[in-house]
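Visitor: Please find the sequence and the predicted model below.
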Amino acid sequence: MLAVVGLGMLHITSETVKPKEPALSEIDSSWAGEPVLVEGEVSSKYFSGGNLFLDLGRRNLTAVQFDTEDRFEEGDEVAVEGTVRIYQGEVEIIADSIE
């Protein structure tokens, strides 16, 4: 019975947790581990082995999406939902979705 209640609470919590929506310029290493939703213009991109790397805005914050398609071009406006991570000393967003 306790397990059922726990699963119910986990479901309710996951449905109510919304990503924060900072400006690209606000994201730095202090955001590591935070879920975010950001919007920006693709300033450059790299696609290799099913992995997509988009540099966003003038700051060139990189959004990374693994095992995906190459469907964006430089100049596209995108919305990225994911988690901020630090990789080799650089701040990036590991994307759950890019629209």
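Guide: Right, received. Where do you want to start? Being a predicted model, the structure only gives us computed values, none of them experimental.

Visitor: in this protein, which spans are strands?
Guide: 35-48, 51-56, 61-65, 77-87, 90-98 (DSSP state E).

Visitor: Please tabulate the ones you listed in a markdown table, including the columns mean pLDDT, mean neighbour count and distance to residue 22.
Guide: Just so you know, the C-beta spots here come from the backbone N, C-alpha and C atoms, and that holds for glycine as well. What follows is the strands of the chain, written out as a markdown table (pLDDT from 0 to 100; neighbours: other C-beta atoms under 10 Å; distance: least, C-beta to C-beta, whole Å):
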| stretch | mean pLDDT | mean neighbour count | distance to residue 22 |
| --- | --- | --- | --- |
| strand 35-48 | 96 | 16 | 6 |
| strand 51-56 | 96 | 19 | 12 |
| strand 61-65 | 95 | 21 | 11 |
| strand 77-87 | 97 | 16 | 9 |
| strand 90-98 | 96 | 17 | 11 |
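
Visitor: so who does the residue lying closest to residue 31 once chain neighbours are set aside touch?
Guide: Once flanking residues are discounted, residue 31 sits nearest to residue 84: 4.2 Å by C-beta to C-beta, 6 or more residues apart in numbering. Each residue near residue 84 by C-beta atoms under 8 Å, 6 or more residues apart in numbering is listed here: 27, 31, 32, 33, 34, 36, 91, 92, 93.

Visitor: same thing with residue 33?
Guide: 83, 84, 85.

Visitor: The second one and residue 48: what is the separation?
Guide: Computed with C-beta to C-beta, to the nearest Å, the distance linking residue 84 and residue 48 is 22 Å.
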